[in-house]
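Asker: any chance you could fold what I've pasted below:
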Amino acid sequence: MSETEAHETKKYLYNTIIEKLRDMIRSGDLKPGDRLPPERKMADDFGVSRNSLRQAIQAMSERRLIESRQGDGNYISQSIDFSFFSDSIMDTITEQKGFLKDVIEFRQVMEPQIAFLAAGRITPGQIDSLKILVCDQHRAVIDNKDVDYLDSAFHLKLAEYSGNKVIFQVMKTIRSILNETRSGWLQSYERRLSSVEGHLRIIDALDSRDSGKAFEAMGKHLLEVEQHILGDS
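Answerer: Got it, this is the predicted structure:
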C-alpha cells in the first residue's frame, strides 16, 4: 500500500468513527452529558483499532464536543453543537498527526546520536539509575498507572549522560514539545510495554559500552514509537 493510500485509509477510519458517534448523538442514543462506552467496546462495535478511536476522540475533545475526565472516561459535552461537521474535525487530526510526525523525526535525528555519545561516557552509577527508572516504569505499566513522566525522564537522563551540556539543555528546554509523542491518548498497554523493552535494549548497549549498538537500539526504539503513533495499531 502506498503512503497516499495508507493516509486515505486512516482518514476513512477517522471519518467512520466520527460519523458513527454523530449518528448516535442525533438518534438520541447518546445525549449531552452522557458517558461514552468503554474504549474496547466502542472499538469492537465500530470495527476499528483503539488507536484510531483515541485519535478521533482526541480531535472531538479539542473541538469541545467531548469532555475527557481523567480516571472517569469520556463524556458528551453538555454544550455540544449538533451542527458540527466531520471535515473540520478531520482538519484537526491531519494537522496534529503532521506535528507528531515532525516531533518523531526530530527525535530520530537527535536521540540515536545521544545514545551513541552516552555509551562512551556513562558511568556505572548512571547506568544503575537508568535501570531503577526502567524497573519503576515496568511496574507502573503492570499496575496500569501513568508512565509518561518515567518515559520522559529516561530520555532526559540519557541526554544528560551524553556528557554534552548543550545537548542536555536543548532536550530539557524542548521537553514539553517532545512529550507530545507521549500523550495519554496515544498510549496503549502494548505501546507502554514496548517502551520498557526498548529502554532495556538501550541499557544493554550502554552497559556494554558499545556506541554503535546504542545508536541502533535507540533508532529501533524510536521506529517502534513511530509505528505505534502513526500506524493504525
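Asker: tell me the mean pLDDT for stretch 52-65?
Answerer: The pLDDT scores in stretch 52-65 average 75.
Asker: and for stretch 118-127?
Answerer: Per-residue scores along stretch 118-127 average to 97.
Asker: pull the residues that contact that stretch.
Answerer: 157-158, 161-163, 203, 205-211, 213-215 (Cβ atoms under 8 Å, 6 or more residues apart in numbering). Where C-beta positions appear, they are placed from N, C-alpha and C, glycine not excepted.
Asker: kindly recompute the last result at 6 Å.
Answerer: Contacts of stretch 118-127 from elsewhere in the structure, counted by Cβ atoms under 6 Å, 6 or more residues apart in numbering, are 158, 161-163, 206-207, 209, 211, 214.
Asker: can you give me the end-to-end span of that stretch?
Answerer: 10 Å (Cα to Cα, to the nearest Å).
Asker: sorry, back to before: now the two most distant members of the contacts of stretch 118-127.
Answerer: Put simply, by Cβ to Cβ the two of the contacts of stretch 118-127 set farthest apart are Gly163 and Asp207, 16.8 Å from each other.
Asker: let me see the domain layout of this protein.
Answerer: Listed by automatic domain parsing, the domain ranges of the chain are 3-84, 100-230.
Asker: in JSON lines, list those domains along with mean neighbour count.
Answerer: Below are these laid out as JSON lines (neighbours: other Cβ atoms under 10 Å):
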{"stretch": "domain 3-84", "mean neighbour count": "15"}
{"stretch": "domain 100-230", "mean neighbour count": "17"}
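Asker: out of those, which gets the lowest mean score?
Answerer: For the domains of the chain, where the average pLDDT is lowest is domain 3-84, sitting at a mean of 73.
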